[in-house]
Every structure is written in structure tokens, then in C-alpha cells.
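# Need coordinates for the following:
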Amino acid sequence: MFWSKKAHPSLEGVELAEICHLEAEALYRSGTHHCAEAVMEAIRKHFAPDVPQAVVGAVAGFGGGSSAGCICGAVAGGTVALGLVLHDKKATTHLTKELHIWFKEKYGVTCCKTIRQTHKGACPQLTGEVAGKIAEMLGRK
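The predicted structure follows:
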């Protein structure tokens, strides 16, 4: 199950992408979720609502670049969310690659430590953007 790069999301997909963006950003800003958890929860809620909310804890270690400043937690949590929804290794791999390319084009790197130095205060916004991008990718038909 691959999506065409020329495919355009439906109007519903665009709206849902914005909702996921806003919800993930709000969860992060609330202090109840870090980046990976916020992305995972927004995607779980809208794309896999039958999956227990407790699964969000599976990405708890990814916050702050896995506590080592490495891969952005929003990107890592988003990657897990893609797999949670798709249940398809090839599709998950394809969209993960697309997510990384998009994120690098936007922020220059996927390294949490570097992002926090070069884009100070961007974490809430980028958390929402990642959730929105994933929702947009999943919403393609």
C-alpha cells in the first residue's frame, strides 16, 4: 500500500491534519505529554481509536531525543504511530522516509539537540506540525 507523491489529500484529510496538529501541540504545551507522546496520542485518537490510550506510554522514552539529544522525539513517536495505524511494513517504511525528508527540509536535521539549539522554543510547534504531517499522509486516498 503506497501513496503517490502526486496524490492530494481529501478535504477531510486536510481538516483532520489541522486537528491533529492543534491537538498534539496543545498536549505538548499542557505539560502532560512530551513530543513523542503528543504525536502518538493525536494519531492514535483519530486513526486507531480502538487501540488503548495506554499504548502512548510505549513512546515515553523518545522525549528529548531519547533523553540523549539524538533523533527528534516527535519524529520517533510519529514513526511508531505510522506503524500502529498501517500494519504494513513497506507502507510504514515508505512514509517514515517521507516524514524524515519533509522534516529535514523544514528544520535542517532530525537531531533533537541541534534543533533545540538552532530553533529555540520550536518544540511545541514542530510537535504539532509532525502530527499534522502524519495525519495528512495517512489521509491520502
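# what helices or strands is the helix or strand bottoming out on mean pLDDT in the chain leaning on?
Counting by mean pLDDT, DSSP states H and E, the weakest-scoring helix or strand in the chain turns out to be helix 63-64, with a mean of 86. Applying 3 or more CB pairs under 8 Å, 6 or more residues apart in numbering; DSSP states H and E, we find helix 63-64 packed against helix 35-47. (Glycine included, C-beta is placed from N, CA and C.)
# Tell me which residues are up against the helix it packs on.
The contact list for helix 35-47 (CB atoms under 8 Å, 6 or more residues apart in numbering) reads 16, 19-21, 23-25, 27-28, 33, 51, 53, 55-60, 62-63, 72-74, 76-78, 80-82, 84-85, 123, 126-128, 130-131, 134-135, 138.
# Over to stretch 50-57?
His33, Glu37, Met40, Glu41, Arg44, Leu84.
# Same check on stretch 113-132?
In contact with stretch 113-132 (CB under 8 Å, 6+ apart) are residues 17-18, 20-29, 35, 38-39, 42-43, 65, 69-70, 72, 74-75, 77-78, 99, 103, 106-109.
# Drop anything exposed from those residues.
17, 20-21, 23-28, 35, 38-39, 42-43, 65, 70, 72, 74-75, 77-78, 99, 103, 107 (16 or more other CB atoms under 10 Å).
# Sort out which of those residues are in helices and list them.
Among the buried ones among the contacts of stretch 113-132, the members falling in helices (DSSP state H) are 17, 20-21, 23-28, 35, 38-39, 42-43, 74-75, 77-78, 99, 103, 107.
# May I ask which of the contacts of stretch 50-57 has the most neighbours?
Met40 (34 neighbours; other CB atoms under 10 Å).
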